[in-house]
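Asker: what would the 3D arrangement of this be:
(one chain, ligands or ions: 1)
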Amino acid sequence: MNEAKSLLSSFFSALYPPKCAVCGLVGFEEVCPQCKQELIREELHFIQPIAFVDEVWAFHAYEQTAAEMVKALKYHRETALGQCMGGDVLDVYTAHFASVDFIVPVPIHRSRLARRGFNQAASLCTRLPQAMVREGLVRTRRTTPQVHLSAEERANNLEGAFEALAIPKGCRVLLVDDVFTTGATASECARALKQAGASYVGVACFAAKRRDFPVSPASPAYDLPEADQ
Ligand SMILES: [Zn+2]
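Answerer: Next up is the predicted model:
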């Protein structure tokens, strides 16, 4: 039986040999050493970059190899990449977010989950302490993929798209996503979490777009319940 299994697996790997997710070089499960070398680690930190988000940390600029990896994970189903990229998210968590109460991956809508087979944000959480990872948010409706929209359209597209599940009042939450660009997704998720009672929402991403973010408005655009002390 085992022999048959291993024969079958060698047959499939001959048909579909593992390839580097970035350059396509055959013989590598995730990313080849050359591409790994080109993946420059650079800490990006944004304080209150956008409404409802307290801070963002990412370990790569959303450029070149890092951007290729984000796209490969999301659109080419390179699920093995989740483990590799999740190592960076684990480093972000350990260095900057170890004091949070729990970790919430940005959810995708159930119909997209059915089609894609996995949530890329959840696959980045696989190396984090599993007891702390929760499904704290639900995506209540399908939205147009953000990549096709302008910054303003992105914010409107996502308004009210997330609902927080019951969370303890005053808790500190770490939101995990693959990439932080305009911040519209993180902002909507953080709004739902703060409306449900979170006192702090930090964001850990594999990569972030290098740019100056506007400081969040003094008075949020939405009413928030008063946080319990
Ligand atoms: Zn490569």
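Asker: so which bits of this structure are right by the ion?
Answerer: 20, 22-23, 25, 32, 35 (Cβ under 5 Å from the ion). C-beta: built from backbone N, CA, C; applies to glycine.
Asker: quick one: buried ones out of those?
Answerer: Buried members of the residues of the chain next to the ion, scored by 16 or more other Cβ atoms under 10 Å, are 20, 22, 32, 35.
Asker: hang on, the first one packs against C35?
Answerer: So that's C20. Yes: taking Cβ atoms under 8 Å as the definition, C20 is a contact partner of C35 at 5.7 Å.
Asker: now do the helix or strand where C35 lies: everything it contacts.
Answerer: Using DSSP states H and E, C35 maps to helix 33-38. Contacts to helix 33-38, defined as Cβ atoms under 8 Å, 6 or more residues apart in numbering, come from residues 20, 22-23, 25, 64-65, 68.
Asker: okay, and which of those map to helices?
Answerer: Judged by DSSP state H, helices contain the following of the contacts of helix 33-38: 64-65, 68.
Asker: now list the buried members of those.
Answerer: 65, 68.
Asker: sorry, back to before: so what strands line up beside the next helix or strand after the helix holding C35?
Answerer: Downstream of helix 33-38, the first helix or strand assigned by DSSP H and E is strand 44-47. Strand pairing for strand 44-47, determined by DSSP bridges: strand 55-58 (antiparallel).
Asker: list the contacts of the partner strand.
Answerer: 43-49, 92, 95-97, 180, 183, 186, 202-208.
Asker: change it to 7 Å
Answerer: The contact list for strand 55-58 (Cβ atoms under 7 Å, 6 or more residues apart in numbering) reads 43-47, 49, 92, 96, 180, 202-208.
Asker: tell me, which helix in this structure spans the most residues?
Answerer: The longest helix of the chain (DSSP H) is helix 80-96.
Asker: mind giving me the packing neighbours of that helix?
Answerer: Counting contacts by 3 or more Cβ pairs under 7 Å, 6 or more residues apart in numbering; DSSP states H and E, helix 80-96 is packed against helix 64-75, strand 200-208.
Asker: sec struct for the residue most central in space within the chain, please.
Answerer: The chain has D177 as the residue nearest its centroid, 1.3 Å off, counting by Cα atoms, centre = their mean. Secondary structure for D177, judged by DSSP: H, G, I helix; E, B strand; the rest coil, is strand.
Asker: hang on, isn't it packed against E188?
Answerer: No: assessed by Cβ atoms under 7 Å, D177 is found out of contact with E188, at 11.5 Å.
Asker: farthest pair in the contacts of strand 55-58?
Answerer: Using Cβ to Cβ, the two most remote members of those are I47 and F206, lying 19.5 Å apart.
Asker: in the chain, where is pLDDT below threshold?
Answerer: In the predicted model, the chain carries pLDDT under 70 at residues 1-2, 5, 7-15, 211-229.
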